[in-house]
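Asker: Need coordinates for the following:
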Amino acid sequence: MFKRNLAMTMLLLLPLLQACSGSKKEEPVTLKFVFQSEDAFERSYGTEFVDEHPNIKLEIIPYDLFTDSPEKLTDIVRNQKPDVIAIDSLATYRKLSSEDKLMSLDTLIAKDTYDIDAFIPAVIDELRSAGGGSINGLTPYLSTQALYYNKKLFDRYGIPYPKDNMTMEQFLKLAERFPVDGTDEERVYGYFNYGQELLTTYFGGLIEPLARAANLSIIDPATDQVQIETEAWMQVFERGIKSFRSDAFRIEGGIENNLFAQGRAAMQIYNLSFLDHLTEYQAAHPNDSAVDWDFVTVPHNPDGPNLAQWKLTTIYSIGADSSQREAAWELVKYLNSEKIQRSAAAGTLVTRQALNVEREGRSVESLLNVQSTQVRNPWETLSKSYLMKFRQFANAAVLKVLNDNVPLKEALATLQNEAQAEWMKSKLDANKTASNEQAAAP
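Answerer: Model prediction:
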């Protein structure tokens, strides 16, 4: 009797048990993910995410963060309606947010009790501000620069060390205190750097950092025209050219002959990956004395806020039209996870504050304890191709003044005309590209 009742009970419970079992089974999901390429994702993350989420398949929509235009990404979002988007800059994130193309993450963050307080407050504030009041994406890494200095050289010549929060003028005068005698093969320099961009050694190596510190804009937002023939731009070019003529500065086009690593330059501005180069140089030249170095924050503009030289890198967002929001949120969380950031923290700054470790005994706290440039950065909205052209024109203008004694006012007038013509061309090309891609869309 007991066995028969038990059997009857099990028969009655079977549908319920099957229903419960079925509810736990996760349905297969395909996420359309805008990323560099499938190979690039596998090189960066392997198969860990799909192994941990076997029901989720990633369909990569290729977008080259380095060469493709922001307009192309906007068209992809508009026409292909991806679930997760790797966004190349804060400017593009701001634009997509203003067009309601990104989903607010605030509800998902609250629902999961996601520890948003683990992130650097300034990063979250910036994402919220650019998102129009909501957090529409998260970013795992920061790109940053620092002013490296050689303690031995400062001690040798009795010059005080650089300090955090120096102005650009204080930095330039400090570099100009170093002696300029001796041959090119033996002498020391107050400042050394690479030309930051191809073929733009003089402009990219010094004058561009001066312009960015002063927060100068190439394009007047009121008129949408190039604005180079201004007093502010004139002063930046004048100061940079004065520094070049002092012979205390040396700017070269390549990384092969680094005078700072050789102990022959007092200062250099570069990102944190420069520490790897110093280590590699010392390993390749064991008989050379190791540079006794330290770093401080990059010099800034005294007339504006103390703006950091860090900026947000790739921002991961969920498309507003996604029908797979829960699965998309799992991918965004993974890409910004503590595990992913911890693996990268030794070589770059990360957005989870507690994971930013010392660099060979030097604290990085001062590099984070300032505002970011991006909310006010007028260069972020310019395409990479236009900026490269502008840098080449600007570098040629500097060389005309230095080598051909062309008056600076005349050189800037030529730069104004060249940059304006290129600006109009870039706008026309962007419009054509957008029209063609829209016409080709299904």
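Asker: ok now do the spatially closest residue to residue 241 that is not a sequence neighbour, which residues does it touch?
Answerer: Spatial nearest neighbour of residue 241, chain neighbours left out: residue 401 (5.7 Å); criterion: Cβ to Cβ, 6 or more residues apart in numbering. From N, CA and C alone the C-beta is placed, and that goes for glycine too. Applying Cβ atoms under 8 Å, 6 or more residues apart in numbering, one finds that residue 401 lies in contact with 237, 241, 407-408, 411.
Asker: immediately after whichever helix or strand residue 78 is part of, which helix or strand?
Answerer: Here residue 78 sits within helix 70-80, counting by DSSP states H and E. The helix or strand immediately downstream of helix 70-80 is strand 84-87, counting by DSSP H and E.
Asker: Sheet-wise, list the partners of that next one with their directions.
Answerer: strand 29-35 (parallel), strand 315-318 (antiparallel) (DSSP bridges).
Asker: how about the helix or strand just after the last one: buried residues?
Answerer: What that stands for is strand 315-318. Scanning forward in sequence from strand 315-318 by DSSP H and E, the next helix or strand is helix 325-335. By 16 or more other Cβ atoms under 10 Å, the buried positions in helix 325-335 come out as 325, 327-335.
Asker: average model confidence for the host helix or strand of residue 147?
Answerer: Per DSSP H and E: residue 147 is located in strand 145-150. Mean pLDDT, strand 145-150: 92.
Asker: what does stretch 178-194 give?
Answerer: Per-residue pLDDT over stretch 178-194 has a mean of 90.
Asker: Straight-line length of it, end to end?
Answerer: Its first and final residues considered, stretch 178-194 spans 19 Å by Cα to Cα, to the nearest Å.
Asker: do the same with stretch 137-147
Answerer: End-to-end distance of stretch 137-147 (Cα to Cα): 30 Å.
Asker: That one: which residues count as buried?
Answerer: 137-142, 144-147.
Asker: Residue 295 is in contact with residue 145, isn't it?
Answerer: No. Taking contacts as Cβ atoms under 8 Å, residue 295 lies outside contact range of residue 145: 9.4 Å.
Asker: Need the single longest helix in this protein, by residues.
Answerer: Secondary structure of the chain per DSSP state H: the longest helix is helix 408-440.
Asker: just so I have it, where are all the helices in the stretch 1-150 of the chain?
Answerer: 2-24, 38-45, 48-52, 70-80, 90-98, 106-111, 121-130 (DSSP state H, counting those that start in this stretch).
Asker: For residue 174, which non-adjacent residue is closest in space?
Answerer: Once flanking residues are discounted, residue 174 sits nearest to residue 162: 6.3 Å by Cβ to Cβ, 6+ apart.
Asker: What's the separation between the one you found and residue 252?
Answerer: The gap separating residue 162 from residue 252 is 21 Å, by Cβ to Cβ, to the nearest Å.
Asker: what residue ranges in the chain are flagged as low confidence?
Answerer: In the predicted model of the chain, residues 1-25, 195-199, 253-256, 302-310, 369-377, 430, 433-442 satisfy pLDDT under 70.
Asker: ok, residues contacting the strand holding residue 147?
Answerer: With contact meaning Cβ under 8 Å, 6+ apart, strand 145-150 is reached by 161-162, 166, 171, 260, 263, 265-272, 274, 291-299, 309-310, 367.
Asker: Filter those residues down to the ones in helices?
Answerer: Under the assignment DSSP H, the contacts of strand 145-150 contribute 171, 274, 367 to helices.
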